[in-house]
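J.: this is a predicted model, with the sequence first.
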Amino acid sequence: LAAWMTGRAMTGNPMLAEVGGEMFGPGVYVHGSALNIALTNPMVTLDAGGDPDAVFIFNAGTTLTTSAGSEIVLLNEAKADNVFWVLGTALTMGADSILVGNVLTGTAITMGTNALIEGRAIAQSAVTCETACTVNLSAASIQLSQPSTQPSESAAPTASSLPLESTVTA
């Protein structure tokens, strides 16, 4: 809960509601409402620019909805452990979607058939799976802090000690 609250309070670069087809560098990205990865352009690319410590934080006011077959792609040493999806309410993943990073939601996470999360799925009420879903847990702790300056695509946020422990049950 503490990491979710810290993430929800973060400010950063504004982003459009439709993130499909976009490429992001390290930083904090904010949208006041729902995010979407549409079927017409179902790939989102996260490019660390060769920095293995690069951090990506996506803060949405409400939900993230991914279309069937959507995918988050990591480039140039980007790591799933350093990606955070902080959602005001929920994540809904379409069938065969691949999401990387740590998902923290205010309510629920719903994963469609064969959906995959490379990271963590942490919801304050429920994580549900239609059929054959997978969450590949990371060993890293979840740590978030607001950068001291407004981030740009070349400035990555820093982490502080704000560990969050969770238990995932099937």
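T.: Sure, I can see it.

J.: wait, a helix at T6?
T.: Yes. Counting by DSSP: H, G, I helix; E, B strand; the rest coil, T6 is found in a helix.

J.: gap between it and G25?
T.: Distance, T6 to G25, by CB to CB, to the nearest Å: 22 Å. Yep, even glycine has a C-beta here, placed from its N, CA and C like the rest.

J.: show me where the chain has helices.
T.: With DSSP state H as the criterion, the chain has helices at 2-8.

J.: flag the shaky bits of it, pLDDT-wise.
T.: Applying pLDDT under 70 to the chain flags the ranges 1-2, 4-5, 9, 138-170.

J.: can you rerun that using 90?
T.: 1-12, 38-41, 122, 124, 130-133, 135-170 (pLDDT under 90).

J.: quick check, central residue of it?
T.: W85 (2.5 Å; CA atoms, centre = their mean).

J.: so what's the closest residue to that residue other than its chain neighbours bridging to?
T.: Computed as CB to CB, 6 or more residues apart in numbering, the closest residue to W85 that is not its neighbour in sequence is V103, at 4.6 Å. Counting by DSSP bridges, V103 forms beta bridges with W85, A121.

J.: then F24?
T.: On the basis of DSSP bridges, F24 is bridged to L46.

J.: distance of it from G69?
T.: F24 is 20 Å from G69, by CB to CB.

J.: these two: which has the busier surroundings?
T.: Set F24 next to G69 and count neighbours by other CB atoms under 10 Å: F24 wins out with 19 against 15.

J.: next up, the contacts around that one.
T.: M15, V44, T45, L46, D47, F56, E153 (CB atoms under 8 Å, 6 or more residues apart in numbering).

J.: and of these, the nearest to T110?
T.: V44 (18.9 Å; CB to CB).

J.: burial measure for the closest one, as a count.
T.: 21.

J.: pretty sure it sits against I72.
T.: Yes. V44 lies in contact with I72 (CB atoms under 8 Å); the separation is 5.0 Å.

J.: and the nearest residue to Y29 once chain neighbours are set aside, how many neighbours?
T.: Spatial nearest neighbour of Y29, excluding adjacent residues (CB to CB, 6+ apart): M15 at 4.5 Å. Residues near M15, counting by other CB under 10 Å, number 18.
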